[in-house]
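**Q** Got a predicted structure here, sequence first:
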Amino acid sequence: MIDMDLEQAPISIVRIDVEKLFGKYTYSLPDEDIRQENYSSLLIMYGDNGCGKTTVLKLLFHVLSPALRRGHRSFIARVPFKSFSVLLADGTRITVRRKDDNLIGPYQFFILKKDKIIATTNYVYDEDDENVKGEDETVIHQLEELQLILFFLGDDRLLDSDIFDEEQRLSRRSSFATYIDYMEERHGSFKIREIRERNTNLDFALRMSIQRTRDWVRQQALKGSNQGAANVHNIYEDIVERIIKLGDTDKETASDSPDLLIQKLIEEFKKQGERSKDFSRFGLISPPLKTEKLVNMLNNVASNKFVVWQVLKPYLDSITARLDALQETQDVLTVFVNTINEFLRDKEISLNVRDGLNIVIDGKRSLPPEQLSSGEKQLLLLLCNTLTARDKATIFIIDEPEISLNVKWQRNLIRALLDCTKGSQVQFLLATHSIELLSQYRNHVVKFENKADEDKDGDLQALA
């Protein structure tokens, strides 16, 4: 039996069951009793070529995605299988089952909570227009209630997710058209046809991922600044209140002498000034706080020290509050940038609230992302999207993440992904053939083993 605390477990995938995929493969992934936490952040799927790994990942994405008019239910109708079921860590099970003996076409869709059906509908497949009918608001609502964000990164290196609303999709199409026009003007129509066939999809996906990273950093900085601003408002109210009271009450109750209070102010202003330099690296604080003049003035205070402390202490608290509100973002960005730069050679990335993400070569020259190697593009694409996925419960599905990566990079890839999402509710589901990935994370590996073959062997043994 699966060992998990349904009340405490983050939303993640615990088990996937598939019956008669392509009419011949039956899987339970994982196939044995496990402790759920082994897979809460990372699940690696391994199997022979042609066993259906990519199809299982795609089915998983489309079954759990609630958005309408994005082809989710139609994809399910077109894939040959008897049943497909996903168990989540909170006890929710989503099951798709064909009617009669059909492997494609119409199907039933169930959502169960602790083995009780809470939503169900029948989808009818129209072979003429390859669409399905039978959308049920209750089913869609229950999928949305999971508040689960899904990303699917296929072997074409394009990212798919319901979070891209219509406006974003239109923006992406517009940006894509602009990019194509630029390449045609620069390289000519023959060259652009070649680029379309080989590189455009990856280059465009990378451009959009870098743009999403820039937008995410700005959102986090704004969120932190707003939190700090709210604290600042309260602190200035405190300043006014202290001035009105003239410090008499506080002076009587203060445990430290005025000289010691001033000394503590000096030390704390120096500390926060140095701390702000780290934040200025990403433009979260710009420019860094200049506290030298204030520290010099405090060193020369001869009288009214307690009044000075009363006025400046709330101001110091406001600085600390602002930096504290941005600390998590600062930590995440530090890990993100340092992790990527550990992979790169003769180049590095920089990240700033104002300028976004830039690639620098030889310490000064800016490099367009299209000029990166295929492996560098792949790495940056993966890590940018894992960064922007960390805010909510997220399942990040990646087909063959090792594509275009050398052995050394394959060895460090998963560590980089996990480092960039530490402390978040992100689960990675990977399908891979990479021995480097499989050997390092054996406790997270699930092998595709066809139960239909086991059943046949059992029948033959019974007849023998």
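**A** Yep, it's here. Numbering: from 1, shown residues only.
**Q** burial measure for the nearest residue to residue 143 once chain neighbours are set aside, as a count.
**A** The shortest distance from residue 143 to any residue other than its chain neighbours is 3.6 Å, reached at residue 66 (C-beta to C-beta, 6 or more residues apart in numbering). All C-beta atoms are positioned from the backbone trio N, CA, C, and that covers glycine. By other C-beta atoms under 10 Å, the residues close to residue 66 number 17.
**Q** repeat for residue 353
**A** When neighbours are defined as other C-beta under 10 Å, residue 353 has 19 of them.
**Q** can you start the count at 548 instead of 1 from here on
**A** That works, and once the first residue is 548, the last one we named lands at residue 900.
**Q** these two touch, right, it and residue 831?
**A** Yes. Counting by C-beta atoms under 8 Å, residue 831 is a contact partner of residue 900 at 6.3 Å.
**Q** who touches both of those two?
**A** Applying C-beta atoms under 8 Å, 6 or more residues apart in numbering, one finds that residue 900 and residue 831 are jointly contacted by residue 768.
**Q** next one: the lengthiest strand in the chain to chain centre, how far?
**A** Using DSSP state E, we find that the single longest strand of the chain is strand 663-673. Relative to its chain's centre, strand 663-673 lies at 30 Å (C-alpha atoms, centre = their mean, to the nearest Å).
**Q** Tell me which residues of that strand come out buried.
**A** Within strand 663-673, the residues that count as buried by 16 or more other C-beta atoms under 10 Å are 666, 668, 670, 672.
**Q** you'd agree the second one is up against residue 688?
**A** No. Between residue 668 and residue 688 no contact is recorded; they are 11.5 Å apart, counting by C-beta under 8 Å.
**Q** which non-adjacent residue is nearest residue 588?
**A** Per C-beta to C-beta, 6+ apart, closest to residue 588 is residue 974, 5.8 Å.
**Q** Note down every partner strand of the strand or helix carrying the one you found and its orientation.
**A** Using DSSP states H and E, residue 974 sits within strand 973-978. Note on strand 973-978: by DSSP bridges, its sheet partners are strand 589-593 (parallel), strand 941-946 (parallel).
**Q** what does the average pLDDT come to for that strand?
**A** With pLDDT averaged residue by residue, strand 973-978 scores 94.
**Q** what about dumping the CA coordinates of that strand to CSV?
**A** The C-alpha coordinates for strand 973-978 follow below in CSV (Å, rounded to 0.1, in the frame of the first residue of the first chain):
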residue,chain,number,x,y,z
VAL,A,973,7.2,21.5,-8.3
GLN,A,974,7.3,17.8,-9.4
PHE,A,975,9.4,16.8,-12.3
LEU,A,976,8.3,13.8,-14.5
LEU,A,977,11.0,12.8,-16.9
ALA,A,978,11.2,10.2,-19.7
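**Q** quick one: the residue lying closest to residue 760 once chain neighbours are set aside and residue 891, what's the gap?
**A** Residue nearest to residue 760 in three dimensions, not counting chain neighbours: residue 931, with 4.5 Å by C-beta to C-beta, 6+ apart. Separation of residue 931 from residue 891 (C-beta to C-beta, to the nearest Å): 14 Å.
**Q** The two: which is more packed in?
**A** residue 931 (26 against 17).
**Q** Is my assumption valid that that one occupies a position in a helix?
**A** Yes. Counting by DSSP: H, G, I helix; E, B strand; the rest coil, residue 931 is found in a helix.
**Q** Would you mind giving the buried residues of strand 663-673 as JSON lines with pLDDT and distance to residue 634 added?
**A** Converted to JSON lines, the buried residues of strand 663-673 look like this (pLDDT from 0 to 100; distance: C-beta to C-beta, whole Å):
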{"residue": "666", "pLDDT": "94", "distance to residue 634": "16"}
{"residue": "668", "pLDDT": "93", "distance to residue 634": "20"}
{"residue": "670", "pLDDT": "91", "distance to residue 634": "21"}
{"residue": "672", "pLDDT": "82", "distance to residue 634": "26"}
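**Q** Return the member of these nearest to residue 880.
**A** Taking C-beta to C-beta as the measure, residue 666 is the one of the buried residues of strand 663-673 closest to residue 880, at 40.0 Å.
**Q** What distance do you get for that closest one to residue 620?
**A** Residue 666 is 14 Å from residue 620, by C-beta to C-beta.
**Q** Any stretches of this structure with poor pLDDT?
**A** 548-557, 579-586, 675-677, 711-748, 774-802, 1001-1011 (pLDDT under 70).
**Q** Next, name the residue at the spatial heart of the protein.
**A** For the chain, residue 936 is the residue whose C-alpha lies nearest the centre (C-alpha atoms, centre = their mean; 1.9 Å).
**Q** Now do the same contact list for it.
**A** Contact analysis of residue 936 by C-beta under 8 Å, 6+ apart lists 696, 698, 943, 968, 971, 973.
**Q** Equivalent analysis for residue 851, please.
**A** Residue 851 neighbours (C-beta under 8 Å, 6+ apart): none.
**Q** Excluding sequence neighbours, find me the nearest residue to residue 634.
**A** Residue 634 sits nearest to residue 562 (C-beta to C-beta, 6+ apart), 4.3 Å away.
**Q** ok, the one you found touching residue 577?
**A** Yes. Taking contacts as C-beta under 8 Å, residue 562 lies within contact range of residue 577: 6.7 Å.
**Q** Might one say that residue 760 is in contact with residue 903?
**A** Yes. Between residue 760 and residue 903 there is a contact at 7.2 Å, judged by C-beta under 8 Å.
**Q** Settle it for me: which of those two has more neighbours?
**A** Taking other C-beta under 10 Å, residue 760 and residue 903 do not tie; residue 760 has more neighbours (22 against 16).
**Q** Look up how far residue 995 lies from the more buried one.
**A** Applying C-beta to C-beta to residue 760 and residue 995 gives a distance of 34 Å.
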